[in-house]
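**Student:** build me a structure from this.
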Amino acid sequence: MSDAQARTPAEIEADIKRRRAQLAETLDEIGVRVHPKTIVGDAKARVASSVDQTVGRAYVCANRAVSDVKARFVDAEGAPRLDRVVPMALVVVSVVGLLTLSSRRKRR
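**Tutor:** Here you go, the predicted model:
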């Protein structure tokens, strides 16, 4: 005798009820997954995660750049390195002065 023939009608009925309950649960899960609110919520979560990662990377890069610049113009004790600060200040003042002069000439 095979296994299917050895089962009683009560066992078959119980098996059908169990499978029906499993199917109903599966259909409910599918319904939740394809619901527009769920899809939009998942998309929002993915975008937010991506933005968080991008912002985090940007912060790390900016922090690293600031640290590199600071290391060039400040010594280990935190005092400014005048041998590097003064020439850079002169360059910045010169560029600002040239921009100011060129904008005044354009106005005339």
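
**Student:** hey, let's count contacts and neighbours off CA atoms from now on
**Tutor:** OK.

**Student:** would you mind finding the longest helix in the protein?
**Tutor:** When the chain is scanned for its longest helix (criterion: DSSP state H), the result is helix 36-73.

**Student:** avg pLDDT for stretch 85-94?
**Tutor:** On average, the pLDDT along stretch 85-94 is 92.

**Student:** what sits up against it?
**Tutor:** Contacts with stretch 85-94, where a contact means Cα atoms under 8 Å, 6 or more residues apart in numbering, come from Phe73.

**Student:** roughly how far is that stretch from the heart of the chain?
**Tutor:** In terms of Cα atoms, centre = their mean, to the nearest Å, the gap separating the centre of stretch 85-94 from the centre of its chain is 38 Å.

**Student:** stretch 45-62 too?
**Tutor:** Averaged over its C-alpha atoms, stretch 45-62 has a centre that lies 3 Å from its chain's centre (Cα atoms, centre = their mean).

**Student:** stretch 75-86 now?
**Tutor:** Distance of stretch 75-86 from its chain centroid, counting by Cα atoms, centre = their mean, is 36 Å.

**Student:** wait, isn't Arg33 in contact with Asp42?
**Tutor:** No. If you go by Cα atoms under 8 Å, Arg33 and Asp42 don't touch, sitting 9.5 Å apart.

**Student:** just to revisit the earlier point, immediately after the longest helix of the chain, which helix or strand?
**Tutor:** Remark: after helix 36-73, the chain's next helix or strand is helix 82-107, criterion DSSP states H and E.

**Student:** low-scoring stretches of this structure, by residue?
**Tutor:** In the predicted model, the chain carries pLDDT under 70 at residues 1-4, 108.

**Student:** hmm, back to that, tell me the buried residues in the longest helix of the chain?
**Tutor:** Phe73 (16 or more other Cα atoms under 10 Å).

**Student:** tilt between it and helix 82-107?
**Tutor:** Counting by axes from the mean of the first three to the mean of the last three Cα atoms, to 10 degrees, helix 36-73 points 110 degrees away from the direction of helix 82-107.
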